[in-house]
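1. all I have is the shape, not the residue letters:
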């Protein structure tokens, strides 16, 4: 297709790495604008941008499937964005970059398990993995147990969070949705949290957008409306 700009040494994945962004934009502005610009290609789970000096002018956009990422790499290459031409490629190490930025980076010894299956997405390979770790995957393997029978509420109940979840990391995720108010962690229960929004509609949109978000390769967040 004449686009020699994709260096295929990086394996295509759901996360797109964007460089050469206008550094004058505030981080929230940048994320909002990237979200709007890229959502034409697919459902975006998250847009990460860092304030830190050497990471300015860069962002990571996580799509919920590979085709969205692929279309955006082709469709937005060298497109003018706030006066600068974007350079777009697939992210090298999705889980590391993102987990470092959102605070879920796992220490080495815990990560040995993941490194053995390379870049295989754990969520996709649950069937094969289930034999070895039936206990942990059973939670993730039953999306049909989403209890959405609970009536809408402006407060969301988040569960299946990794032990090392930090409040700031959840705030980063949820505050991209309008009406976000606060995250409340529960003492002694690191795997759950409550997230409050201005109203039920705003909470519902966030719930839809972040349902099943992979906080780490092993943990997909489950969201339901909190019981009133």
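-> That came through, no problem. The model shown is predicted, which means the values in this text are computed figures rather than measured ones.

2. strands paired with the helix or strand residue 62 falls within, and their directions?
-> Secondary structure assignment for residue 62, by DSSP states H and E: strand 59-63. Sheet pairing of strand 59-63 (DSSP bridges) gives strand 15-19 (antiparallel), strand 44-49 (antiparallel).

3. which stretch among these comes nearest residue 30?
-> Set against residue 30 and scored by C-beta to C-beta, the strands paired with strand 59-63 come closest in strand 44-49, at 5.0 Å. Backbone N, C-alpha and C define where each C-beta goes, glycine included.

4. show me the contacts for the nearest residue to residue 161 once chain neighbours are set aside.
-> Closest residue to residue 161 apart from its sequence neighbours, by C-beta to C-beta, 6 or more residues apart in numbering: residue 191 at 4.9 Å. Neighbour list for residue 191: 159-163, 165 [criterion: C-beta atoms under 8 Å, 6 or more residues apart in numbering].

5. against residue 182, how distant is the nearest residue to residue 184 once chain neighbours are set aside?
-> Take residue 184 and drop its neighbours on the chain: the residue closest to it by C-beta to C-beta, 6+ apart is residue 194, 4.5 Å away. Note on residue 194: its distance to residue 182, by C-beta to C-beta, to the nearest Å, is 9 Å.

6. now swap in residue 70 and tell me
-> Taking C-beta to C-beta, one finds residue 70 at 37 Å from residue 182.

7. these two: which is more packed in?
-> Shown here are residue 70 and residue 182; by other C-beta atoms under 10 Å, residue 70 has more neighbours (19 against 14).

8. who's in contact with that one?
-> Contact analysis of residue 70 by C-beta under 8 Å, 6+ apart lists residue 12.
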